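Visitor: Predicted model and sequence follow; I will ask about them next.
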Amino acid sequence: MPERPHRWGMTVDIDRCTGCQACTVACWAENNITINTQDIVNERRGYYWIRIERYWEGESPALKVRFFPVLWQQCANAPCEPVCPVYATHRSVDGINIQVYNRCVGTRYCANNCPYNARFFNFWERWPPEPMNNYLNPDVTVRSKGIMEKCSFCVQRIRRTERQAAREGRELRDGEVQPACVQTCPTGVFTFGDLADPNSQVSQLAQDPRHYRLLGHLGTDTSVIYLKRIDP
Amino acid sequence: MQDRRKLTDSKINEDLLRSVDHTPRAFWIVAGFLTLWIGGGLFALGNMLFWGLGVTGLNRPVMWAFFVTNFVFWVGISHAGVMISSILRLTHAEWRRPVTRAAEVLTVFALSTAALMPIIHAGRPWRVIYWALPYDFNRGVWPSIRSPLIWDPAAIATYLTGAALFIYTTMLPDLAVLRDRAWGKRPLRFWLYAILSLGWRGSSRQWKLQALAGILLSAVILPVFVSVHSIVSWDFAVALVPAWHATIFAPYFVLGAIHSGVSAVVTLMALMRRFFHLEDYITPDHFDALGRLLIAVALGWFYFFFIDFIFGLYSRESAEVAVMELRLFKAPYNILFIIFIFTAFLIPVPLWFMRRVRRSVLLMFITTILVNIGMWLERFIIIVPGLQYKQPLDFTWGEYSVSITELAIVSSTFAVVSLGILLFSKLFPLVPLSDQKEGQRLQDEIEIGKRSVPAVIREE
């Protein structure tokens, strides 16, 4: 751990989003997320660690389509944290709200309290059917029934890169850590980095006059910062 | 206040211990039926544990529903005990005598059942050790005391301990009676009662200590009266969910709990009077007195219920107003709401204002059953619509429909409480013998010249 702890953060530039859903697919593949079959969606129990929300604005022919990627917001003042009786979700030193699957008892209080609706409960035990289990990422736990899960900022990638840097005896480079959605996005919507480092790309972007936070009035102090879309 | 029939001590023993001495066939039928019912619930529970919570109707975002409703309901029922045994004892309400133990027993079983509900509701109940029991000394990982879900086990454990101690200390003289009666006839029972009665011989010192313990326990348990349901209400009030997030919740829930709890005691009393033939002990006077108490409690509860709505409307927060609309005007909540408001308030309370109704055991039985149907629905209407609220980001309203598993488990909790009370009545008297005899003594009169005066003078 470096002397100055990181605060991992992300900017999401809405102006660049085309709504192609590549991030959703990448997230599914990276994090061993349950396949959202028709049944699961009909039960209203779908899993979307990152989801693209689509809004229509205006009437045809002046219709405008808005795409809006929503992932877990990594709040500094997270409403989900104090209500968990077992510290299954709490904030790590480098600014990630971590979910400890082993400790989770499944009270689902955190999901009630999440204003972003970004927490997902495992109602069933769902291993992917053959041969899909060969796709599973060995770095990520497959969640069993009865526990809560959510976006982790691809914590396995952060840790792997940190270890790599430590082995080579150097500091982490800016932009070296790339969660799956960041890596995949063809238009570069997402920028990931250390918000505690004022020179990092993500810190620079967070100063952009277009920046805002999702449901900022709740004072959750999120680490995901959105950049507003400017219509030409 | 009351004209009680003169009863000798042996008659009191015989009447009140009838449930212990005799086992009619009806007992076996009812007990067997309840056991089967509980078996059904256990099967549903096992099925749910095996397959996961997917078998319930829960979904995203309605993560809490029937089990939590039932939890709040049973904690509410359990408030009867402290209300009746502690507050009425401290205020010297004479009529409480035959009611106290039944209320406390109801409390203990209702509270134990309530304590099961959050565990059943959790996704991994076998991990409860992480949650309610702070065991992990080595790694220094403790439960998070910031979470209301940690306050709940503390509150319930406190209340359960208090209520069990209360039953036990007030039952010591009765246990001694049972021990003496079993001597030489039923050795097994004799030993059970002999151990439980702690060598009670009825010396004046023992009576003094027992009376003192009773008064102390009543006083010590008094804070629980406010704390338990306040803490349960904070499960909701500290959350960000619209319509849950209200400061009024603690007193509102406490009064609601007393409303349903005292009603449940009346229901239980009516059943005891009918089936244990306690007509000489549980009289219309008792129903009359409890009916008056219920009027006061119900009006207070209704006030808070109304204020809760005003909170939502005055703040004019769109989320609050939307949830209120859902509760009042949209199916199925509009139907549930009408049933709730009629059963919990509009039908029973005006009826209780009539003396004839208060003194009619059957009508009191029916109205108090209605109250508890209404109060169950009230908790449901508080909990679920708030969660169904249109999510601020994806603009979808949640849905919830109950599954057969939830129905089976929730309904079997009623059988658990009933069977618990029934088995208790098999071993111990549900109406306190000693308290009853004390009441008789206080009523005794002696003739001095031409006047008869009370034989015992109490300090007020």
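Guide: Yep, it's here.
Visitor: ok, the residue in chain B that chain A sits nearest to - how many residues close by?
Guide: Per C-beta to the nearest C-beta, the residue of chain B with the smallest distance to chain A is residue B:123, at 2.0 Å. All C-beta spots, glycine's among them, are computed from the backbone N, C-alpha and C. Here the count is done by other C-beta atoms under 10 Å in any protein chain shown, and residue B:123 has 22 residues near it.
Visitor: That one is in contact with residue A:124, isn't it?
Guide: No - using C-beta atoms under 8 Å, residue B:123 is not in contact with residue A:124; the gap is 10.9 Å.
Visitor: Between the two, which contacts overlap?
Guide: Taking C-beta atoms under 8 Å, 6 or more residues apart in numbering or on different chains as the criterion, residue B:123 and residue A:124 both touch A:145, B:52.
Visitor: In terms of helix, strand or coil, where does whichever residue of chain A sits closest to chain B fall?
Guide: Among the residues of chain A, residue A:106 lies nearest to chain B; the distance is 2.0 Å by C-beta to the nearest C-beta. Residue A:106 carries the three-state label coil when classified by DSSP: H, G, I helix; E, B strand; the rest coil.
Visitor: Assign the nearest residue to it once chain neighbours are set aside to one of the three secondary structure states.
Guide: Distances taken as C-beta to C-beta, 6 or more residues apart in numbering or on different chains put residue B:123 closest to residue A:106, at 2.0 Å, once the chain neighbours are dropped. Following three-state DSSP, the label given to residue B:123 is coil.
Visitor: contacting residues for residue B:123?
Guide: Contact analysis of residue B:123 by C-beta under 8 Å, 6+ apart lists A:104-108, A:121-122, A:145-148, B:52-53.
Visitor: how about these in a markdown table, adding distance to residue B:326 and pLDDT?
Guide: Rendered in a markdown table, the data for the contacts of residue B:123 read as follows (distance: C-beta to C-beta, whole Å; pLDDT from 0 to 100):
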| residue | distance to residue B:326 | pLDDT |
| --- | --- | --- |
| A:104 | 30 | 89 |
| A:105 | 30 | 90 |
| A:106 | 27 | 90 |
| A:107 | 24 | 91 |
| A:108 | 21 | 91 |
| A:121 | 23 | 92 |
| A:122 | 28 | 91 |
| A:145 | 30 | 90 |
| A:146 | 29 | 90 |
| A:147 | 30 | 91 |
| A:148 | 26 | 92 |
| B:52 | 28 | 89 |
| B:53 | 24 | 91 |
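Visitor: quick check, nearest of the residues you listed to residue A:48?
Guide: Taking C-beta to C-beta as the measure, residue A:48 sits nearest to residue A:121 out of the contacts of residue B:123, at 12.9 Å.
Visitor: Run through the bridge partners of that closest one.
Guide: According to DSSP bridges, the residues that bridge with residue A:121 are residue A:148.
Visitor: Can you give me the buried ones in stretch A:83-103?
Guide: Within stretch A:83-103, the residues scored as buried using 16 or more other C-beta atoms under 10 Å in any protein chain shown are A:83-90, A:94-97, A:99, A:103.
Visitor: swap that for stretch B:194-203, please
Guide: B:194, B:196-197, B:200.
Visitor: quick one on the thing from earlier: ok, so of the contacts of residue B:123, who is nearest residue B:92?
Guide: For residue B:92, the closest of these turns out to be residue A:107, at 43.2 Å, with distances computed as C-beta to C-beta.
Visitor: can you map out the helices along chain A?
Guide: According to DSSP state H, chain A carries its helices in the segments A:22-30, A:38-42, A:80-83, A:109-113, A:155-167, A:180-184, A:201-206.
Visitor: okay if I get those helices as a markdown table plus mean pLDDT and distance to chain B?
Guide: Putting those into a markdown table (pLDDT from 0 to 100; distance: least, C-beta to the nearest C-beta, whole Å) gives the following:
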| stretch | mean pLDDT | distance to chain B |
| --- | --- | --- |
| helix A:22-30 | 92 | 14 |
| helix A:38-42 | 87 | 9 |
| helix A:80-83 | 90 | 4 |
| helix A:109-113 | 90 | 5 |
| helix A:155-167 | 92 | 19 |
| helix A:180-184 | 93 | 17 |
| helix A:201-206 | 91 | 21 |
